[in-house]
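Engineer: Here you go, sequence then predicted model.
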Number of protein chains: 2
Amino acid sequence: MSEFRYAVNVLPKPGILDPQGRAVELSLPHLNVANVSRVRVGRRAELTVTAGSEAEARQVVESLARELLSNPLIEAYAIELLEATSSTDSTKATLA
Amino acid sequence: MSEFRYAVNVLPKPGILDPQGRAVELSLPHLNVANVSRVRVGRRAELTVTAGSEAEARQVVESLARELLSNPLIEAYAIELLEATSSTDSTKATLA
């Protein structure tokens, strides 16, 4: 078994109102920032999956991203693999 | 001038209570998911900076991440460069 650390990035779909992004944009002039645009604000979740393969782990993350972490009607998600730790590798590392 | 698209990932610092992450963990058994652990939930912002160089653009993002997008007492942020579009490059691309 290996451990896979993933990030799931969830952002409002293009065209969908983004009140948090708008709030950031409206704050920019007060901070004297004039060269920042197209702000979108969403969520980021990080989690660890224990599985036999990356394909198996990714399937779990996909289903959580769809069913728990995002609202597919108004949000899009992207999955990032951050780290993979194989139990075999760590044994080897200890033996080496 | 060039355009730089960045992401700012904001997560609760290690050891800081994360009620959203905890809520996700508590939902997992109801979804029959037993192999997911260490869930952290934070924010992700994406934004475009117009600047003369990447160093200059990053300075703007750093200051927004610190002053507007995160609470440095309880949250840590990480900055990712997603895309860089140079005006010069796009002119060349048009002329080619």
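Structural biologist: Sure, I can see it. Nothing here was measured: the structure is a model prediction, and the numbers come from that model.

Engineer: Quick check: mean pLDDT of the longest helix seen in chain A?
Structural biologist: The longest helix of chain A (DSSP state H) is helix A:54-64. In this model, helix A:54-64 has a mean pLDDT of 97.

Engineer: moving C-terminal of it, what's the next helix or strand?
Structural biologist: Using DSSP states H and E, the helix or strand that follows helix A:54-64 in sequence is strand A:75-86.

Engineer: angle of that next one against helix A:54-64?
Structural biologist: 150 degrees (axes from the mean of the first three to the mean of the last three Cα atoms, to 10 degrees).

Engineer: in chain A, which helix or strand is least confident?
Structural biologist: Sorting the helices and strands of chain A by mean pLDDT, DSSP states H and E puts helix A:87-95 at the bottom, at a mean of 52.

Engineer: Please give the element, helix or strand, for whichever residue of chain A sits closest to chain B.
Structural biologist: The nearest approach of chain A to chain B comes at A:Arg44, 4.0 Å away (Cβ to the nearest Cβ). Where C-beta positions appear, they are placed from N, C-alpha and C, glycine not excepted. For A:Arg44, the host element (DSSP H and E) is strand A:36-51.

Engineer: How far away from the center of its chain is stretch A:46-57?
Structural biologist: Remark: stretch A:46-57 is offset 14 Å from the chain centroid, using Cα atoms, centre = their mean, to the nearest Å.

Engineer: what's the answer for stretch A:11-24, then?
Structural biologist: How far stretch A:11-24 lies from its chain's middle: 17 Å, per Cα atoms, centre = their mean.

Engineer: now check it, is it near chain B?
Structural biologist: Yes - contact between stretch A:11-24 and chain B, assessed by Cβ under 8 Å from any Cβ of the partner chain, occurs at A:Leu11, A:Gly21, A:Val24.

Engineer: got a winner among those residues for most neighbours?
Structural biologist: Highest neighbour count within the residues of stretch A:11-24 next to chain B, by other Cβ atoms under 10 Å in any protein chain shown: A:Leu11, with 22 neighbours.

Engineer: beta partners of that residue?
Structural biologist: A:Ala76 (DSSP bridges).

Engineer: thought it was touching A:Ser70?
Structural biologist: No - with contacts counted by Cβ atoms under 8 Å, A:Leu11 stays clear of A:Ser70, the gap being 9.1 Å.
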